[in-house]
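sequence and computational prediction follow.
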Amino acid sequence: MKLFFKILYIFLFLSSLEAIEVNKNLMLDMNRTYGYYLGQNYALENIEKKYPSLKNEIFLIKNDFDLKYLKSIKDIEQFFTKNMSKKQWSDLQKMVKDGIKKQLNTNISYEESLEAIQVVKARIKGDIESPVIETLLMFNPNYQKNPIEELNDKFIQTYNSKDNPKAKGVDFSVKVPKSWKSQEANRPNIVRKFTSNNGYIIEDTFIENIMILVYDLPIEVKKLTSQDVTDVCNDIPENSVLRDCKEAILENLPAVVKRFKLNMKRLENSMNMEVVQYDVFYKNKMIIIQGQVGTMNEKISEKTLLERFEKFKPVFNYVANSLMISNLYKQRRIK
């Protein structure tokens with residue numbers, strides 16, 4: 001089965017070295033999120049002043065919203081103060097507040113006030129437009145410390161491959177953290193690419209990716225022999241070292257899970273990566289879910305990179321375990 005796998009890595013790892021939108025767009029998203037929060041508070045305070053009977057309900061929803069998102073706002077404020085002079089930060093605050101006051105509807109009716117309260121209740125549950133929700137989640141210190149908690153708190157996006165020609169007729173879905181940016185990939189066979197922190201590198205240190213690929217195989221694979229598993233495990237890119245590899249079952253299908261480290265170079269760029277790859281065999285197709293943690297910072301030690309990988313490993317396992325191939329369930333219903 002060696003011929004099945006050798007073509008994978010040419011495109012897969014180079015995509016991790018592609019340019020990622022950084023500071024300017026990130027600052028715009030943060031500014032919008034900060035204004036979103038202040039604007040909501042100003043609007044609720046205005047309603048409270050105009051309709052005192054709603055005071056208790058407004059207190060409760062403001063408290064519930066803050067319990068969920070205030071830590072993120074504080075983290076955003078800290079980021080601003082760290083990367084701006086005092087004057088720049090003061091000017092930004094004034095600009096945001098002045099802009100909100102100009103747009104504030106001070107003549108809001110009682111019925112509109114009740115509708116606004118319902119909108120905030122929906123926001124507490126995560127019904128917040130992009131990129132505000134992603135920015136709030138990526139700056140949540142709890143999720144920064146333990147990324148799997150974002151999924152445990154049900155901040156999830158579901159990707160479905162239906163109608164994507166790169167999926168080669170395999171209709172599948174996976175669940176990914178909501179704060180991860182979902183992107184089309186330029187490289188062939190990469191069905192979808194997800195990048196942590198909504199696609200930004202916040203401190204120019206680490207980047208985390210999840211890649212999903214589908215490949216045609218020359219034969220249908222129903223079961224892996226021990227030699228097949230050995231061949232798959234030995235098929236790793238140049239400049240890589242296999243850390244672990246084992247046979248597994250995913251979606252009740254034969255699979256192989258392998259762990260390796262990799263040093264990837266492209267022109268003047270160099271990236272050290274820790275990778276876990278889930279190869280799932282369905283009929284004459286191979287579905288690959290790959291989790292990557294990488295850095296271009298040469299000062300980052302292997303130990304530090306490994307620690308970072310271990311922090312994200314539960315996320316990669318969650319995504320792999322969330323794989324659902326709709327074709328399988330359609331076939332079972334037909335039978």
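Done, it's in.

ok, and the closest non-adjacent residue to Val221?
Spatially, and ignoring its direct neighbours in sequence, Val221 is nearest to Phe281 (4.1 Å; C-beta to C-beta, 6 or more residues apart in numbering). Where you see a C-beta, it was placed from the backbone N, CA and C, and this is true even at glycine.

what ranges do the strands span in the chain?
Using DSSP state E, the strands of the chain run over residues 156-160, 172-177, 181-183, 190-195, 206-216, 240-250, 253-266, 269-282, 285-295, 324-325.

neighbours around Phe79, how many?
Using other C-beta atoms under 10 Å, Phe79 has 17 neighbouring residues.

surely it meets Met138?
No: applying C-beta atoms under 8 Å as the test, Phe79 and Met138 come out as separate, 10.8 Å apart.

what's the pLDDT at Leu3?
Listed pLDDT for Leu3 reads 37.

right, I mislabeled it, should have said Pro147
For Pro147, the model assigns a pLDDT of 98.

name the nearest residue to it, sequence neighbours excluded.
Excluding its sequence neighbours, the residue lying closest to Pro147 (C-beta to C-beta, 6+ apart) is Val315, at 5.1 Å.

contacts only, for that neighbour.
Contacts here follow C-beta atoms under 8 Å, 6 or more residues apart in numbering; on that basis Val315 touches Pro147, Ile148, Leu151, Pro177, Gly291.

what about the residue nearest to Gly39 when sequence neighbours are not counted, distance to Ser322?
Once flanking residues are discounted, Gly39 sits nearest to Ile100: 4.6 Å by C-beta to C-beta, 6+ apart. Noted for Ile100: a distance of 39 Å to Ser322, by C-beta to C-beta, to the nearest Å.

what sits against the residue nearest to the spatial centre of the chain?
The centroid of the chain falls nearest to Trp180 when counting by C-alpha atoms, centre = their mean (1.7 Å). Each residue near Trp180 by C-beta under 8 Å, 6+ apart is listed here: Gln157, Phe194, Thr195, Ser196, Asn197, Asn198, Ile210.

how much space separates Leu328 from Lys285?
For Leu328, the distance to Lys285 - C-beta to C-beta - is 12 Å.

more neighbours: which of those two?
Lys285 (20 against 17).

which residues touch the residue nearest to Asp64 when sequence neighbours are not counted?
Spatially, and ignoring its direct neighbours in sequence, Asp64 is nearest to Ile124 (5.0 Å; C-beta to C-beta, 6+ apart). Applying C-beta under 8 Å, 6+ apart, we find Ile124 in contact with Ile61, Asp64, Phe65, Lys68.
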